[in-house]
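Novice: Sequence first, predicted coordinates after that:
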Amino acid sequence: MHIADKMEKSAIINSKFKKQRTTGVQRYALGVSAFIDDAIFFEPKSKNSLLQVLWEQISLPLKAKREGLLLINFCNTAPFWYKKQMVTIHDMAVFENPVWFRPAFAKYYQWLFKKLAKNAKHFVTVSEFSKQEIHRHLGIPLTKISIIHSAVSDDFIEVNSHKPASAPIGNFILMVGSHDPRKNFDFVIGATQQWCTQNQYQLVIAGNPGKAFADKALAPETEAIWLQGLNDAELKWLYENAKLVIHPSIYEGFSLVPIEAHLIGAKCLISDIPVHREIVGKAAHYFELANAEHLILQIDHALNSPFEPIPLPYSFEKSGKDWMELISEMDA
C-alpha cells in the first residue's frame with residue numbers, strides 16, 4: 001500500500017505557520033508540508049499572536065481529538081495537553097541561554113517544552129546536535145526523537161534574483177538573519193570595522209527585527225548596512241554578489257544560511273560550533289568563536305580561496321518523505 005493511501009485523513013497539520021512571518025522554522029514547515037499528502041491543514045483565522053496561542057491550545061487540539069487525528073506540529077509550539085501528536089523542536093536555545101530572549105517568551109517556551117516532553121507521542125528535530133540537546137534538557141528518551149533535516153526550497157534556488165533598491169555599491173560581506181543576540185552580529189561588526197575600512201568593504205546585514213529577542217539584540221544604528229523586508233529574489237541577489245557570507249552564530253539547531261549560500265555559489269565563513277561541523281561540514285570555512293584575530297585571518301583566507309561546490313544531502317522532498325513514513329509509523 002502506498003504511504004499516502006495509508007495515512008489518508010489520518011493526520012492534521014498545525015498550520016499556524018501560514019499566518020506568521022517567514023523565518024527559519026516557518027520555512028521548514030512550508031518546505032516539508034508541501035510533500036505530505038492527504039493531511040488536513042488547519043490554520044487560525046487571526047494573525048494576532050495572542051489569539052493564535054489560544055487557538056493552538058484550545059481550538060486545534062479539540063478539532064484533532066474530535067476527529068481522532070494524529071496532530072503534526074512543525075514550529076516548536078503545540079497544545080501542551082494533547083497526547084496523540086508529534087512535535088518538532090528545532091533547538092534548546094531558551095534553556096541554553098534564556099537571556100537571548102525576552103523574559104516572557106523564554107519562560108513560556110520553557111514551560112511549554114516541559115509539558116510537551118511529558119505528553120506528546122513523539123518528537124522531531126533537525127540535527128543530531130539538537131537531538132542530544134533535547135534529551136539533555138528535557139529528559140526525552142532518544143528513541144522518541146527522530147531527525148528530519150531542514151533544506152533550501154527549490155523556489156528559492158530557482159527564483160530570478162533582483163537587486164534591492166538599497167543594495168550596497170562596491171565590495172561587500174553579507175550576514176543574514178534576525179536581530180537575535182545568538183547570531184553574534186555585534187562581534188563581527190566590532191571585529192571587522194577597521195578591516196572593512198582599510199580594504200574598502202561594506203558589511204551588509206539582511207534581516208528583520210523579532211519580538212521574541214531580548215532588547216540587547218542589535219538595532220540598525222550600527223557600523224553596517226541593514227536591509228530589512230527583503231523578498232527571496234532580493235536576498236538571492238545579495239548571496240550572488242557578496243564576496244563572502246559570514247554566519248557567526250553562537251548556537252543553532254540546523255543553520256540554514258550556510259546551506260543557502262553554498263547552493264547559490266557564495267563563499268561562506270562560519271563559526272566553529274558542533275552543529276556547523278555536523279550540518280555544513282566542508283562546504284564552508286570556519287573561525288573560532290570570540291577570536292577576532294582568527295576571524296580576520298579567516299576572512300582573508302576565504303576571500304583568496306576558490307569556491308569549491310560540495311554536494312549537500314538536504315532536500316524538502318526527502319524530508320517530506322521521511323515525515324510521511326514517520327506519520328504512517330506513528331499512526332499504525
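Specialist: Everything's here; your move.

Novice: For the top helix by length along the chain, give the mean pLDDT please.
Specialist: For the chain, the longest helix by residue count, based on DSSP state H, is helix 103-119. With pLDDT averaged residue by residue, helix 103-119 scores 97.

Novice: Identify all contacting residues around the very next helix or strand once past that helix.
Specialist: Going down the chain from helix 103-119, the next helix or strand is strand 122-125, by DSSP states H and E. When contacts are defined by CB atoms under 8 Å, 6 or more residues apart in numbering, strand 122-125 is touched by residues 86-91, 116, 131, 134, 140, 144-148, 253, 323, 326, 330. The C-beta positions use only the backbone N, C-alpha and C, and glycine is treated the same way.

Novice: which of those residues are buried?
Specialist: For the contacts of strand 122-125, a neighbour count by 16 or more other CB atoms under 10 Å gives the buried set as 86-91, 116, 131, 134, 140, 145-146, 148, 253, 323, 326, 330.

Novice: In helices only, show me those.
Specialist: Using DSSP H, these in helices are L116, K131, I134, W323, L326, M330.

Novice: surely the first one meets N76?
Specialist: No. With contact taken as CB atoms under 8 Å, L116 and N76 are classed as non-touching, separated by 9.4 Å.

Novice: Which neighbours do these two have in common?
Specialist: With CB under 8 Å, 6+ apart, L116 and N76 have common neighbours V87, I89.

Novice: Mind jotting down where the strands sit in this structure?
Specialist: Remark: strands assigned in the chain by DSSP state E are 11-14, 40-42, 70-73, 85-88, 122-125, 145-147, 172-176, 202-206, 225-227, 244-247, 268-271, 285-287.

Novice: Tell me which of those strands sits nearest to R182.
Specialist: Of all the strands of the chain, strand 268-271 sits nearest to R182, with 10.4 Å by CB to CB.

Novice: export the closest one as CSV, just CAs?
Specialist: Taking Å, rounded to 0.1, in the frame of the first residue of the first chain, the C-alpha atoms of strand 268-271 are listed here in CSV:
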residue,chain,number,x,y,z
CYS,A,268,30.9,31.2,3.4
LEU,A,269,32.8,31.7,6.7
ILE,A,270,31.0,30.3,9.8
SER,A,271,31.6,29.9,13.5
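
Novice: For it, what does the pLDDT average out to?
Specialist: 98.

Novice: Quick check, pLDDT for V126.
Specialist: 98.

Novice: And it, how close does it get to M92?
Specialist: V126 is 12 Å from M92, where distance means CB to CB, to the nearest Å.

Novice: what do the two both touch?
Specialist: With CB under 8 Å, 6+ apart as the test, V126 and M92 both reach G253.

Novice: Quick check on the two: which one has the bigger neighbour count.
Specialist: V126 (28 against 23; other CB atoms under 10 Å).

Novice: any idea how far that one lies from K19?
Specialist: Going from V126 to K19 by CB to CB gives 22 Å.

Novice: cool, and D91?
Specialist: Taken as CB to CB, the span from D91 to K19 is 22 Å.

Novice: cool, W226 as well?
Specialist: Distance from W226 to K19, by CB to CB: 26 Å.

Novice: okay, the longest helix of the chain in PDB with CA atoms only?
Specialist: C-alpha atoms of helix 103-119 as PDB (Å, rounded to 0.1, in the frame of the first residue of the first chain):
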ATOM      1  CA  PRO A 103      11.800  37.000  29.700                       C
ATOM      2  CA  ALA A 104       8.100  36.200  29.000                       C
ATOM      3  CA  PHE A 105       9.000  34.500  25.700                       C
ATOM      4  CA  ALA A 106      11.700  32.300  27.300                       C
ATOM      5  CA  LYS A 107       9.600  31.400  30.300                       C
ATOM      6  CA  TYR A 108       6.600  30.400  28.200                       C
ATOM      7  CA  TYR A 109       8.700  28.200  25.900                       C
ATOM      8  CA  GLN A 110      10.500  26.600  28.900                       C
ATOM      9  CA  TRP A 111       7.100  25.800  30.500                       C
ATOM     10  CA  LEU A 112       5.600  24.600  27.200                       C
ATOM     11  CA  PHE A 113       8.500  22.300  26.300                       C
ATOM     12  CA  LYS A 114       8.400  20.700  29.700                       C
ATOM     13  CA  LYS A 115       4.700  20.000  29.300                       C
ATOM     14  CA  LEU A 116       5.200  18.600  25.800                       C
ATOM     15  CA  ALA A 117       8.000  16.300  27.000                       C
ATOM     16  CA  LYS A 118       5.500  14.600  29.300                       C
ATOM     17  CA  ASN A 119       2.600  14.400  26.900                       C
END
